[in-house]
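J.: Model the structure of this input:
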Amino acid sequence: MIRLSKPYITEGCINSVVNVLRSGNLVQGENVRSLEDRIKTYLNVEYAVVVSSGTAALHLALLALGIGQGDEVIVPAFTFPATANVVECVGAKTVLVDISLDDFCIDVSLIEKAITSRTKAILPVHEFGQAAQIDAIMEIARRYNLKVVEDAACALGTEFRNQKVGLFGDIGCFSLHPRKAITSGEGGIIVTNNADMAYSLTVLRNHGIENRDGKIDFVKAGYNYRMTDFQAALCLPQLDIIEDMIVERIKQANAYDAALSSITNLKVPNAFPERRMVYQTYHVLLDGKIDRDMVIGQLKEKGIETNYGANALNTLSFYSDKYGLNRDDCPNAVFANRQGLALPMGMHLQESDLEEVCTVLKGLLA
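T.: Just a heads-up that it's a prediction; the model follows:
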C-alpha cells in the first residue's frame, strides 16, 4: 500500500526518546523547554508554548484572549471540526464563512458580512499548508477591532510574503499530529509576541499554577495541557531537518503538478507567488460529475491510500442542528468536501510511488 502519510521517525528520534525514558523524567522538562526555544528561533517569535495537542493550543488561545459566553468567532466552513469545536467549548458562537476554491481558505470577501456587534475574533485556517489571505484578514480585524487567532495546524513553515504564518495575528497555533511535517505523536504549539498572552497560556496549560517566591499558587482554573518530555524529545531531531522536509514536499507537489495538470476533470492546487505552501496535504479537486468516494475505493484496490481533505462544517450534525444550517449556506465548502481528494505526500514516498499514483489516477479518470 502506498500510504497517504507516514511520520518521518529517524533513529535519532528514537534514541532521543529512549534517553528520556531511561532518565525517568517523563513530564514537562528540559526537552520541552528546548523545543520551545527552537520554535522561537525557527519562527522568529518572542514566545512559544508547547501543549498536548493542536486542539488544546486553539482552546487556550481563545481563553487567553478572554473569548466566551455571548461572543461570536468567525470560522471558515471548510476545516477539521476542532477549529470550530474550541469556539463552542469556551461558550462562544461559531459563525461559519464559506471558502474560496482557489486556495480552500476563508473567502475574505465574505468576512465583513458576517461581522456583528458580538463578533470578537476571526479564526482563519491556513488549510493544507496554504497561507490564507492573511493581510486582508488583518486589515478587516483592525478596522473592526477584532482579535485574530491563526489556525496554522497544517502550516509550520508556510510563508506569506516572506513571513511565516502564525505571526500575523494575536496568537498562532500549530499541530504536531503525525500527519503534519514534524510530529510529537500528539502535540501543539502556541506562539505570540505578547508577553501577557504568553503568561496566561503557560499558566492555563498547567492547572492554573503560578510560581511566587519559590512557592506555587493556583491563580486560574487551568487545564492539564502539558506536553511530556519524551514527546518533545521525539520532535526535536525532526526540527533539525524541517526545511529539508518542506523542500521535499514542494518537489513532490511539483511532480504531481507536472503529471496531473493536463487532466481536464481534475484541478491541481493553485500556486501563488506571494505564498510558500508546505503541502501538508496535496489536495486536488475532481469534476462534479465524478464520484469521489468511488475513486478513493478504486485507488485503494490498486494499493494507493487516499482520503477526502477536510469537513464542510455546515453539513455536520452538531452545527447544522444547532444553527439551522444546510448545504446551501456554504456551497464551496460543500463542493470541496464532496469532490476533494488528498493524495499521498511525505518523506516515505519514492519517485516511483508518485509515478504510480499519477498513472493509476489518470487511468481511472480517463
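
J.: just the helices in the stretch 1-150 of the chain please.
T.: Taking DSSP state H, counting those that start in this stretch as the criterion, the stretch 1-150 of the chain carries its helices at 11-23, 30-43, 54-64, 82-89, 111-114, 134-144.

J.: what residues does the last one touch?
T.: Contact with helix 134-144 is made by 106, 108, 111-112, 115, 119, 122, 124, 126, 146-148, 150, 160-161, 165, 168-169, as judged by C-beta atoms under 8 Å, 6 or more residues apart in numbering. For every residue, glycine as well, the C-beta is placed using N, CA and C.

J.: just to revisit the earlier point, point out the most buried one among the helices of the stretch 1-150 of the chain.
T.: helix 54-64 (a mean of 27; mean count of other C-beta atoms under 10 Å).

J.: Which strands or helices does that one pack on?
T.: strand 47-51, helix 82-89, strand 147-151, strand 171-175, strand 188-192, helix 195-205 (3 or more C-beta pairs under 8 Å, 6 or more residues apart in numbering; DSSP states H and E).

J.: I'd like these laid out as JSON lines, including mean pLDDT and distance to Lys215.
T.: Putting the helices and strands packed on helix 54-64 into JSON lines (pLDDT from 0 to 100; distance: least, C-beta to C-beta, whole Å) gives the following:
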{"stretch": "strand 47-51", "mean pLDDT": "98", "distance to Lys215": "22"}
{"stretch": "helix 82-89", "mean pLDDT": "98", "distance to Lys215": "31"}
{"stretch": "strand 147-151", "mean pLDDT": "98", "distance to Lys215": "33"}
{"stretch": "strand 171-175", "mean pLDDT": "98", "distance to Lys215": "29"}
{"stretch": "strand 188-192", "mean pLDDT": "98", "distance to Lys215": "26"}
{"stretch": "helix 195-205", "mean pLDDT": "97", "distance to Lys215": "15"}
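
J.: Could you identify the helix or strand that succeeds the strand or helix carrying Asn332?
T.: Element membership for Asn332 (DSSP states H and E) is helix 331-339. Moving toward the C-terminus from helix 331-339, the next helix or strand (DSSP H and E) is strand 340-343.

J.: gap between that following strand and the chain center?
T.: Relative to the centre of its chain, strand 340-343 is centred 16 Å away, using C-alpha atoms, centre = their mean, to the nearest Å.

J.: Would you tell me what the next helix or strand after that strand is?
T.: Following strand 340-343 in sequence order, the next helix or strand is helix 351-365 (DSSP H and E).

J.: Packing partners of the lengthiest helix in the chain?
T.: Across the chain, the longest stretch assigned as helix under DSSP state H is helix 242-260. Counting contacts by 3+ C-beta pairs under 8 Å, 6+ apart, helix 242-260 is packed against strand 282-286, helix 351-365.

J.: can I assume Val149 is in contact with Ala64?
T.: No: if you go by C-beta atoms under 8 Å, Val149 and Ala64 don't touch, sitting 9.4 Å apart.

J.: what sits in contact with each of these two?
T.: Shared contacts of Val149 and Ala64 (C-beta under 8 Å, 6+ apart): Ile171.
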